[in-house]
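S.K.: fold the following.
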Amino acid sequence: MASGTEAVINLQLDIDDLVTSEVSPREPAGDAASASSFPKVLRRRLDKFFADQSISPKADRSMWVKISVGLAMLLGSWIALYALKPDSWKFLALYVISGLAQTFLLLNIAHDSNHNAISSVPSVNKTLNYVFDVCGISSYMWRILHHRGHHSCINLHGEDDALTGRGIFRFTPHEPRASYHRFQHIYALFFYAMFSLDYVFVRDFESFFFPSHDYLKRTRHPAREYCILFAGKAFYLAYMLILPVFVLGKSLLLVVGAFLLVHLIIGLTVSLVFQTTHTIDSTYFPSDRSEFDNGVYHIFATTADYATDNPVVGWLVGGLNHHIVHHLCPFVCHTHYDSLTRIVRETAEEFGVPYRQHPTMTRAIRHHLLLLKQLGNEF
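M.R.: Reported below is the predicted structural model:
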């Protein structure tokens, strides 16, 4: 087990090609020898956790319970809709429950399967990754954007897809400032609520047919992925919009209103879960890949945790509040993050490496909005 686990963790920790040089204002304290040994010590301790416990870094029993709960919640809400044929208010309630289930599945199951973190059997991860498509989002394109456009270039302007503000937002000091950006901390939540709608109706098609990133322009997508793209969208729109109108006889206005409410929930929740881990007023925004001599320091400088002592938050958001560990060990199932975060926090403190965290998610959101206000008013 130790050798297999070491390979899993080393694959992400050995990302020295991410960036090269020093950590300027965020350089760890202590002498050079001590600083350079930090990634090796951290790697060894993370390896040792799984070896000592004789456990797999993949899904444990609690993860399979979460998968069962999420899928049962989604299927149960839709079975109830057609079996009970409820009136308008009960229809809206069940429809919203399905939206909450989709949010839970995206954060807890789809994201882990995207990183092959649920099972050592690739087909299991691939199958569960289709949760994205069930929720109207291309699992294939999400995987490309998330891996090539985020994990390999965290907080790098022009490369990190998560910093794409479409001109509406200025997420980094390296982004040109427009006069209306001074209001971005005010209108942010409104546009975040549209995040999933953007993915369903615009972003996926844009990435396939009108790519803006060089790596997308160079990628030749398999023909089957184009078929899955259109089939997935058709299936999603059919069960979310068409069937409730034509089978249940609900008014188009009610169904569309429920659809928009669900996406408000999904978009706002997913956006805030992720934005509060990289774009806050204490994280760093490198100007290029040459600012750090090791990718581990890049992760610590650009990433922050929140509410790591709150098991309820961790359970609901798929462990993404333990975000530093996620970037260090993306192929490890998130149900192990709590234990690994303690190792990361203690090792960082020992070596004088800044560890960024907020005690609550509310505090993290506040500091995200503070960054938006700061960037909106500064040139």
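S.K.: what mean pLDDT does stretch 306-323 get?
M.R.: For stretch 306-323, mean pLDDT is 97.
S.K.: so which residues make contact with that stretch?
M.R.: Stretch 306-323 has contacts (C-beta atoms under 8 Å, 6 or more residues apart in numbering) with 66, 104, 107-109, 111-112, 273-274, 276-278, 303-305, 325-326, 334-335, 337-338, 340-341, 345, 357-361, 363-364. Where you see a C-beta, it was placed from the backbone N, CA and C, and this is true even at glycine.
S.K.: now swap in stretch 97-104 and tell me
M.R.: 69-70, 73-74, 77-78, 81, 134-135, 261-263, 265-266, 269-270, 316.
S.K.: quick check on the closest residue to residue 90 other than its chain neighbours: phi, psi?
M.R.: Leaving aside its sequence neighbours, residue 90 sits nearest to residue 84 (C-beta to C-beta, 6 or more residues apart in numbering; 7.4 Å). Residue 84 has phi and psi values of phi -90, psi -20 when expressed as degrees, to the nearest 10.
S.K.: before we move on, what about the one 10 residues further on?
M.R.: For residue 94, the backbone dihedrals are phi -70, psi -40 (criterion: degrees, to the nearest 10).
S.K.: tell me if I'm right that it and residue 88 touch.
M.R.: No: look at residue 94 against residue 88 with C-beta atoms under 8 Å: they stay out of range, at 11.0 Å.
S.K.: for the two, indicate the residue with more neighbours.
M.R.: residue 94 (20 against 11; other C-beta atoms under 10 Å).
S.K.: so for that one, what's the pLDDT?
M.R.: 96.
S.K.: enumerate every residue touching it.
M.R.: Residue 94 touches 77-78, 80-81, 84, 86, counting by C-beta under 8 Å, 6+ apart.
S.K.: what helix or strand does the most centrally placed residue in the chain sit in?
M.R.: Nearest to the geometric centre of the chain sits residue 274, at 5.3 Å (C-alpha atoms, centre = their mean). Using DSSP states H and E, residue 274 maps to helix 252-278.
S.K.: run the chain-centre distance for that helix.
M.R.: Relative to the chain's own centre, helix 252-278 is displaced by 15 Å; criterion: C-alpha atoms, centre = their mean, to the nearest Å.
S.K.: in it, what counts as buried?
M.R.: Across helix 252-278, burial judged by 16 or more other C-beta atoms under 10 Å covers 254-255, 258-259, 262-278.
S.K.: likewise for stretch 281-294?
M.R.: Using 16+ other C-beta under 10 Å as the test for burial, stretch 281-294 gives 283-286, 289, 291-294.
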